[in-house]
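> Fold the following, please.
(one chain, ligands or ions: 1)
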Amino acid sequence: MSKKPLKILMLGAEAAPLVKVGGLADVVGSLPIALKQRGHDVRVALPHFSFLDAEKLGLKVTKMVEMAWADHVEYAPCATMHFGEVPYYFVGGSPIWRDKQVYRDGQRVDGAKFVFFALAALQLVHELDWKPDIVHVHDAHPGAAIYYLATHRQSDPFWAETATVFTIHNLVFQLNHIGESLHMGGLLPSEDANIPFWGRDGLMSLAINYADMINAVSPGYAAEILTDEYGAGLQKLLALRQERLTGILNGLDYQAWNPATDSALLQPFSVEQLAERVVNKHTLQAELGLPVGDDPLLGVVSRLDHQKGFDLAAQTLPALLKSSNAQLVMLGTGQPEIMTALYQLQEQFPQRVSLNFKFDLQLAKRIYGASDFFLMPSRYEPCGLGQLIAMRYGSVPVVRAVGGLRDTVLDQDQQPNQGTGFTFDAYEPAAFLTALQRAIRCYNEQPQAFLDLQRRAMLADFSWSISAQKYEALYEQAMAHRQAEHGN
Ligand code: GLC
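Below you'll find the predicted structure:
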């Protein structure tokens with residue numbers, strides 16, 4: 001428990017299960033619950049996207065926030081609800097409703113939507129007279145909140161002591177060149193020479209430059225983003241702020257993801273009854289039209305794109321299938337050229353490959369609870385959620401040692417008594433192939449070693465409790481910096 005309960009306002013574009021595009025949603029959905037359990041007053045604000053079903057969610061507009069926007073007054077109708085114990089504010093208004101999706105082309109068109117959201121969320125809690133100790137911004141989208149506080153603290157005593165924390169889930173989505181949207185919200189591009197010229201009207205750069213504390217979603221990624229390879233052009237700015245930058249691994253919601261209680265599984269199981277797990281495998285094989293039996297089953301649940309390494313997978317898997325008895329089940333959608341290459345793989349090995357180009361949470365859970373191995377050959381991976389779920393569900397991860405994957409999966413051959421999976425370094429087919437072959441050899445030839453490995457993976461603890469404490473410490477640091485600067 002931290003010294004005193006804190007008031008924390010979380011801002012994000014997504015929060016599972018209400019709004020979910022990717023892994024960001026799982027974090028914004030579950031971290032507040034973990035912090036709430038530790039006694040903090042955490043509240044989440046989300047854009048009230050027009051696709052949300054207000055009636056179904058029981059959303060009632062309780063406050064009309066008046067915003068100065070461009071050259072007129074814009075209203076932000078704000079609704080509230082509780083999700084579990086956590087209060088949620090849904091911030092509406094025409095800049096948000098004009099668009100029908102969470103993200104539009106990743107960057108520019110989103111400027112007005114998210115700048116409006118961030119500023120209105122701040123104004124909402126101001127009007128409610130609920131003064132946060134911490135405004136915690138997830139990814140660049142609500143980044144204008146950090147910039148606003150940095151530039152308005154002096155003139156508005158309400159915000160004088162509120163500290164800001166910025167969590168980087170993916171440095172690549174920066175929302176650059178949105179000066180026009182900033183301007184609508186009454187903000188000017190920064191003139192700070194530390195920020196690269198092209199980032200001075202970009203939300204990622206502004207959030208990094210002005211946050212009291214910054215963290216990336218794994219220690220590995222926090223180190224990688226300082227390099228030219230992973231820094232996405234912001235490595236120098238990040239280096240300037242290195243004292244304020246740390247890495248905190250995401251937790252996994254162990255209640256939501258529990259193979260012993262998961263109703264999606266025909267045969268729930270735990271580490272004590274691991275032998276029963278095979279029922280799930282045989283059922284899934286039958287369901288997907290794969291030969292039912294003991295051949296190793298490789299699972300994929302992912303966006304099938306370059307970040308996730310499926311161009312590499314498409315180059316590597318033909319050789320693997322040719323040289324082994326492996327079966328493959330894939331679930332997800334992605335870039336057309338990658339899906340085409342995977343389709344060709346299925347044509348080549350129709351008996352052993354099952355492609356499922358769709359989103360299907362129930363099938364995802366069956367894959368986690370049935371496959372022997374789970375593949376994540378990511379080009380970069382800030383944290384990664386799939387490997388954590390896979391481990392909990394007894395599917396041994398085969399991953400590229402990058403970012404959060406490097407931090408969470410220990411290679412079985414490098415650390416035989418501690419291994420929780422198989423890893424490879426170079427982003428090359430030969431390296432991935434070798435890791436896959438080592439994995440399959442272990443499965444085929446050393447059943448006891450495989451079982452021990454599977455058990456260790458299941459017992460690795462990635463629940464939120466440790467990470468939530470680290471966030472508490474980060475909040476304390478941010479507040480200490482704020483106090484020091486405020487005092488001056
Ligand atoms: C982003 C990252 C992913 C991470 C997630 C949650 O989606 O790509 O690695 O797990 O955010 O932090």
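> export stretch 261-274 as PDB, just CAs?
The C-alpha trace of stretch 261-274 is given here as PDB (Å, rounded to 0.1, in the frame of the first residue of the first chain):
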ATOM      1  CA  THR A 261     -12.500 -21.300 -14.900                       C
ATOM      2  CA  ASP A 262     -12.600 -20.400 -18.600                       C
ATOM      3  CA  SER A 263     -16.000 -21.400 -20.000                       C
ATOM      4  CA  ALA A 264     -14.600 -21.200 -23.500                       C
ATOM      5  CA  LEU A 265     -12.600 -24.400 -22.800                       C
ATOM      6  CA  LEU A 266     -14.300 -27.700 -23.100                       C
ATOM      7  CA  GLN A 267     -11.900 -29.000 -20.500                       C
ATOM      8  CA  PRO A 268     -10.900 -26.400 -17.900                       C
ATOM      9  CA  PHE A 269      -7.500 -27.300 -16.300                       C
ATOM     10  CA  SER A 270      -4.900 -26.100 -13.900                       C
ATOM     11  CA  VAL A 271      -1.200 -26.900 -13.500                       C
ATOM     12  CA  GLU A 272      -2.100 -29.700 -11.200                       C
ATOM     13  CA  GLN A 273      -4.300 -31.400 -13.800                       C
ATOM     14  CA  LEU A 274      -2.300 -30.700 -16.800                       C
END
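> got any ranges where the chain has weak pLDDT?
Where the chain drops to pLDDT under 70, the residues are 1-2, 105-109, 488.
> Domains in it, by residue range?
Per automatic domain parsing, the domain ranges recorded for the chain read 7-251+465-487, 271-461.
> can you list those in CSV and add mean neighbour count and distance to the ligand?
Where C-beta positions appear, they are placed from N, C-alpha and C, glycine not excepted. What follows is these, written out as CSV (neighbours: other CB atoms under 10 Å; distance: least, CB to the nearest ligand atom, whole Å):
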stretch, mean neighbour count, distance to the ligand
domain 7-251+465-487, 20, 3
domain 271-461, 20, 3
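> got those as TSV, with distance to residue 265 columns?
Output for the domains of the chain, formatted as TSV (distance: least, CB to CB, whole Å):
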stretch	distance to residue 265
domain 7-251+465-487	19
domain 271-461	5
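> Can you check which of those domains gets nearest to residue 257?
Nearest of the domains of the chain to residue 257, taken as CB to CB: domain 271-461 at 5.3 Å.
> Skip ahead from the longest strand seen in the chain and say which helix or strand is next.
Taking DSSP state E as the criterion, the chain has its longest strand at strand 72-83. With elements assigned by DSSP states H and E, the helix or strand that comes after strand 72-83 is strand 86-91.
> which stretch among the domains of the chain comes nearest residue 260?
That would be domain 271-461 among these, by CB to CB, at 8.6 Å.
> show me what contacts the nearest residue to residue 70 once chain neighbours are set aside?
If the residues on either side of it in the chain are set aside, residue 70 comes closest to residue 184, at 4.3 Å by CB to CB, 6 or more residues apart in numbering. Contact analysis of residue 184 by CB atoms under 8 Å, 6 or more residues apart in numbering lists 69-70, 95, 112, 115-116.
> Report the two of those separated the most.
Across those (CB to CB), the longest gap, 11.0 Å, separates 70 and 115.
> about what we covered before: tell me which strands and helices the longest strand of the chain is in contact with?
If you count contacts as 3 or more CB pairs under 8 Å, 6 or more residues apart in numbering; DSSP states H and E, strand 72-83 packs onto strand 60-69, strand 86-91, helix 110-127.
> start to end distance for stretch 83-100?
End-to-end distance of stretch 83-100 (CA to CA, to the nearest Å): 23 Å.
> Return the distance of that stretch from the chain's centre.
Its chain's average C-alpha position is 20 Å from that of stretch 83-100, according to CA atoms, centre = their mean, to the nearest Å.
> And for stretch 142-157?
26 Å.
> For stretch 347-362, C-alpha coordinates in PDB please.
The C-alpha trace of stretch 347-362 is given here as PDB (Å, rounded to 0.1, in the frame of the first residue of the first chain):
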ATOM      1  CA  GLU A 347      -2.600 -24.500 -50.000                       C
ATOM      2  CA  GLN A 348       0.700 -26.200 -49.700                       C
ATOM      3  CA  PHE A 349      -0.100 -28.000 -46.500                       C
ATOM      4  CA  PRO A 350      -3.900 -28.300 -46.400                       C
ATOM      5  CA  GLN A 351      -3.900 -31.100 -43.900                       C
ATOM      6  CA  ARG A 352      -1.800 -29.300 -41.300                       C
ATOM      7  CA  VAL A 353      -2.700 -25.600 -41.500                       C
ATOM      8  CA  SER A 354      -5.900 -24.000 -40.300                       C
ATOM      9  CA  LEU A 355      -6.300 -20.300 -41.100                       C
ATOM     10  CA  ASN A 356      -9.000 -18.300 -39.500                       C
ATOM     11  CA  PHE A 357      -8.900 -14.700 -40.800                       C
ATOM     12  CA  LYS A 358     -11.200 -13.100 -38.300                       C
ATOM     13  CA  PHE A 359     -11.600 -11.900 -34.700                       C
ATOM     14  CA  ASP A 360     -13.100 -14.500 -32.400                       C
ATOM     15  CA  LEU A 361     -12.400 -14.300 -28.700                       C
ATOM     16  CA  GLN A 362     -13.900 -17.800 -27.900                       C
END
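> centre of the chain versus it, how much separation?
The chain centroid and the centroid of stretch 347-362 are separated by 25 Å, computed with CA atoms, centre = their mean.
> outside of it, which residues touch it?
Stretch 347-362 has contacts (CB under 8 Å, 6+ apart) with 264, 288-291, 295, 304, 318, 321, 326-333, 339, 342-343, 345-346, 363.
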